[in-house]
Each structure stands twice: as structure tokens, then as C-alpha cells.
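Asker: Whatever this is, show me its structure:
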Amino acid sequence: MTGFFRHIKALLCVALAVVLTACGHDGDMPKEPAEGQGLFLVCNIGMVGSTRGGTLPANEAMHSFRIMVLNDKGIVESNEYFSFEGFRETYAHITQLKSRSKKRVYLFANEESVTDIKCDPADIPLSGSLHDYLKGVTEGTADFETKIAAVNYVPDFSKAIPLNAMYDVDIPEDLRYVEKKFWLVRAAAKFNFTFINKRKYTDITIDRFEVNGIADRQFLMPKFTNGEPPVFTGYSTWIDWLKDASEDSQVHPDKPSVDEMGWLTGYDIPDKSNIGKLSYDTPFTIKPTPENSVQGKEIANLYCCESKNLLSGEDSVVDNEQQYKIHVVCTSAGEQKSFEATLPNLRALFRNTHPNVIISFTDKNPDIVAVVDVVPYRGCILDPYFGLPR
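Answerer: Numbers count the residues shown, from 1 in each chain. All right, here's what the predicted structure looks like:
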């Protein structure tokens, strides 16, 4: 037991040191308590899809962090906020609990990026910035969960991407410190496109390309079709499944992780969403490469809302299966042409989905050829060609 408390004391010191380097926080970390006093939740926060071999882009990491703890009656017990100098991929925090009842823990990062919230259903009177709303949620608030579930917004992906998560935590009777690992999920999907020109002697200029069926608005917190988060065998939460699938895809980039581990398709987007396109309209030229080459032009990190472009029932293989198409306009030998191709293997576009798309132009096929690898969001791509012949 002495060793356990020495471990907790070390965690407290680390967490306190972390907070002392944070700025602009609305609440202070609890000081190390006297022996026998207080009940604490020790939080170790990570991000689904963090890189294994490098630093995340700044817009994908944490610039601020908020933790809210609710009791088993849905009443807010605490609301703490911290902003950081620079950004972080992980964070350690200790929050003092007010009782031993089961807790629901809400985690938010980069809330400042959400500046004009709406609600669905619309009869919930909430608008303005997410930061202003969350900082006004006081201890004793009883309707927080209803409101936060309704919040939706139009993202600005030039800003830091919002992240969040929700966990239920049991508080054992015999523990004074309850240590948990939490994973934040990005409220965004991310595309990478690679264009390869295997046509002999012919430069190809991509004038623009777009993917159809993309929503312009999404819920802040994921909303599942039947109101209940999906269950994956062997995982306590869908977030843990997402984290494991993402890590597996980084270790084995040739493995179709999502197909093997199951699709997360039963989710909703706001009724007021406009369905449009993810577009890229900065022209670029791709030179011819040998037939066995995998060299091309990569357009990386194009972000969009989670979306739903549903297939009709007779065409669908799985429930809520979706289908997306890419439309490419290009110029070659002075002639402009348009191409369209279905993106295979992209059955759903839930938040944290990361499609890696390869578009090839060949002499053998007059149309474009699309290959898609879909993985839960990962911060780096170890092999963008995932097993294509070289």
C-alpha cells in the first residue's frame, strides 16, 4: 500500500507541475491532500490517433481542456477549464470528487473553435460560442446533458479541431484515488488524396476535385441513431474500440482494420445540415511515372464533417451503408476532361474516420481508378500506398 500511495503522490506532483505551466484556467488543481482526506479522480488523457513517429499538426492537438463531472443523477458536480501555451497531445489531471456515486465525465478540448452553436431540437434555447456556454455551467446544473447532446455547429477547420469524449466511471468503495485513462475523439473526418499519372509522355493538370455527400454541420458530441453508443465485443466503450483500431492501423497499415473490426454506421447528423461537397480547387500538375512506380502528388489533411450519404436499401450490404464519389476535372494535352469514380471501401464517414484515397491515371483504362484505405483516424501514414504493387 505504501508503494501505491508513493505512485499516486508522484502522479499528483506531475499533474500539479503540468497545471502550473498552463495559463488562463478558471479553476485550480487540488493541492495534495492530507492523509485520509478527500476522494480524487486521476485522469490521464490521450488522443485517438496520435502519431507514433512524430508530432501532430498543431490544429489536431489540445490547445485547451475542460473536464466536467456529473453525479449519478445527472447533476453537474464540477467544471474545470485550462488553456495551454502552445499545444499538447497528452495531459494529466486530478479532480476532486464530491461523493462516491457513479460519475459521468465529459471531456472537451479546443472549445474556442466553436463560435456559433445551434441546437437540434431547435426548442432548446442555446446560441453563441461554446466556450461562453460551457464556462457558464455551474455546480448543481441539472439539464446539461440534454443541452450538450443537442449542440451542433458549422466547423471552421482553419482553427484547432474540437475534441471530446464522455465516459461513465464507477467509484469503488475502498479507493481514495481512482485512476482512469481517457481518450479524446476529434469531431472531424480527414481525407488524404494521392494522384498518380501512369500515362506515358503526358503531363496531367488536376484543375479541381471534389467528394460528394459531405455535410456542412455536425453535432458536437456524437449522436447515435438509437440513442445508445454501439457495443464492440471485448471493448468497454466505442472510444476504446476506435483507439485500438487506430493503433492497429498504424502498426499494420496494409491491414483493412475497419472492415475486420466492424463499421460504426449507426449515427446521426443534424437535420439542418446542408449536403454539399468537399472541394479542392488549387490546380497542380502530375508528371508521368513508370508503370511500377507509386510516386504521385499527395494532397493531405483535408478535413470535413462526419456525414451520411446513404445507399438505397437494395444496394446496401450493411445497415446504414454509405457511398461517396469523387469528381475530378483535369487538363491533358490541351483538353479538359471530367471523371467520376465511386470511392470503394468507404461505407461510413463517422468522426475520426480517415480515408486515404489513391487516384490513378493509366493508359490501360480511359477512366480514373480509385483505391481507398479507410482507417480510424491516425496522425501519420506509415505507407500511403498500403500494399499496392510497386
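
Asker: Count the neighbours of residue 317 for me.
Answerer: For residue 317, the number of neighbouring residues by other Cβ atoms under 10 Å comes to 7. Every C-beta, even on glycine, is put in place using the N, C-alpha and C of the backbone.

Asker: Pick out the residue nearest the middle of this structure.
Answerer: residue 186 (2.4 Å; Cα atoms, centre = their mean).

Asker: wait, what's in contact with it?
Answerer: By Cβ atoms under 8 Å, 6 or more residues apart in numbering, the residues touching residue 186 are 47, 48, 49, 60, 161, 162, 163, 351, 352, 377.

Asker: who's in contact with residue 163?
Answerer: 47, 62, 107, 108, 109, 110, 184, 185, 186, 187.

Asker: what pairs with it across the strands?
Answerer: residue 109, residue 186 (DSSP bridges).

Asker: same thing with residue 212?
Answerer: Under the criterion used (DSSP bridges), residue 212 bridges to residue 277.

Asker: ok, now residue 80?
Answerer: Beta-bridge pairing for residue 80 (DSSP bridges): residue 67.

Asker: Just give me the closest of the contacts of residue 163 to residue 79.
Answerer: Comparing the contacts of residue 163 against residue 79 with Cβ to Cβ places residue 108 closest, at 10.3 Å.

Asker: in its sheet, what does the helix or strand harbouring residue 152 sit against?
Answerer: Element membership for residue 152 (DSSP states H and E) is strand 151-153. Here strand 151-153 is paired, per DSSP bridges, with strand 118-119 (antiparallel), strand 218-219 (antiparallel).

Asker: Can you tell me which of those strands is most buried?
Answerer: Of the strands paired with strand 151-153, the one with the most neighbours on average (mean count of other Cβ atoms under 10 Å) is strand 218-219, at a mean of 24.

Asker: gap between that one and the chain center?
Answerer: The chain centroid and the centroid of strand 218-219 are separated by 12 Å under Cα atoms, centre = their mean, to the nearest Å.

Asker: what are the ranges of the strands in the stretch 201-350 of the chain?
Answerer: In the stretch 201-350 of the chain, the strands defined using DSSP state E, counting those that start in this stretch lie at 204-215, 218-219, 223-224, 267-268, 275-280, 284-286, 297-304, 325-332, 335-342.

Asker: Out of those strands, which is closest to residue 361?
Answerer: Among the strands of the stretch 201-350 of the chain, the nearest to residue 361 by Cβ to Cβ is strand 204-215 (5.8 Å).

Asker: Show me what that closest one packs onto, helices and strands only.
Answerer: When contacts are defined as 3 or more Cβ pairs under 8 Å, 6 or more residues apart in numbering; DSSP states H and E, strand 204-215 packs onto strand 189-198, strand 275-280, strand 284-286, strand 297-304, strand 325-332.
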